[in-house]
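**Student:** Here is my input, please return the structure:
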Amino acid sequence: MVVIDIAYQGRLRCNARHQPSGAVVATDAPLDNQGRGESFSPTDLVATALGSCILTIMGIFAERHGIDLTRASVSVSKHMVADPHRRIGRLEVDIVVPGLADPKLRAALEAAASGCPVKRSIEGSILVVERFHWS
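**Tutor:** Model (predicted):
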């Protein structure tokens with residue numbers, strides 16, 4: 001179990017403190033929802049969690065198999081919807097992995113990415129579109 005303490009700072013801003021490490025992340029309401037957009041919004045953190053989880057799970061697989069993923073990256077595009085209520089409707093995930101030509105390793109990394117716990121947690125409520133780019 002991990003505990004995260006969140007304190008409201010006023011003006012639609014919060015500070016979240018990760019108890020195990022003491023790391024702090026600020027959130028701010030987005031411009032399109034009465035905020036200043038000066039930091040990650042709470043829904044931005046969902047998109048961030050998905051992208052970083054995918055890379056982490058791929059990294060675990062890569063380290064076990066001696067694959068260097070240090071140049072891999074993910075870009076997540078978050079699409080909000082308002083019907084029937086404001087929520088994340090779709091997350092488009094572009095995964096870039098340079099320098100990996102082996103089709104078997106590519107397939108294995110794609111399978112690892114599909115096991116991301118964040119993706120599994122949001123399945124059925126948010127459409128996730130993944131695109132792999134092997135350069």
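
**Student:** how about the helices of this structure, start to end?
**Tutor:** 42-64, 103-114, 117-122 (DSSP state H).

**Student:** From the contact counts, what lies against the shortest one?
**Tutor:** Meaning helix 117-122. helix 42-64 (3 or more Cβ pairs under 8 Å, 6 or more residues apart in numbering; DSSP states H and E). Every C-beta, even on glycine, is put in place using the N, C-alpha and C of the backbone.

**Student:** averaged over its residues, what pLDDT does the helix it packs on have?
**Tutor:** Across helix 42-64, the average pLDDT comes to 98.

**Student:** Repeat that for stretch 26-37.
**Tutor:** Mean predicted confidence for stretch 26-37 is 93.

**Student:** Format the helices of the chain as CSV; extra columns: mean neighbour count and distance to Met80.
**Tutor:** CSV is the format used below for the helices of the chain (neighbours: other Cβ atoms under 10 Å; distance: least, Cβ to Cβ, whole Å):
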stretch, mean neighbour count, distance to Met80
helix 42-64, 18, 7
helix 103-114, 15, 24
helix 117-122, 16, 14
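
**Student:** Could you list the domains of this protein?
**Tutor:** 4-33, 42-134 (automatic domain parsing).

**Student:** got the buried residues for the shortest one?
**Tutor:** Residues of domain 4-33 classed as buried: Leu12, Arg13, Cys14, Ala16, Thr27, Asp28, Ala29, Pro30 (neighbour count, 16 or more other Cβ atoms under 10 Å).

**Student:** Identify, from those, the entry nearest to Asp94.
**Tutor:** Asp94 has its nearest neighbour among the buried residues of domain 4-33 in Pro30, at 21.3 Å by Cβ to Cβ.
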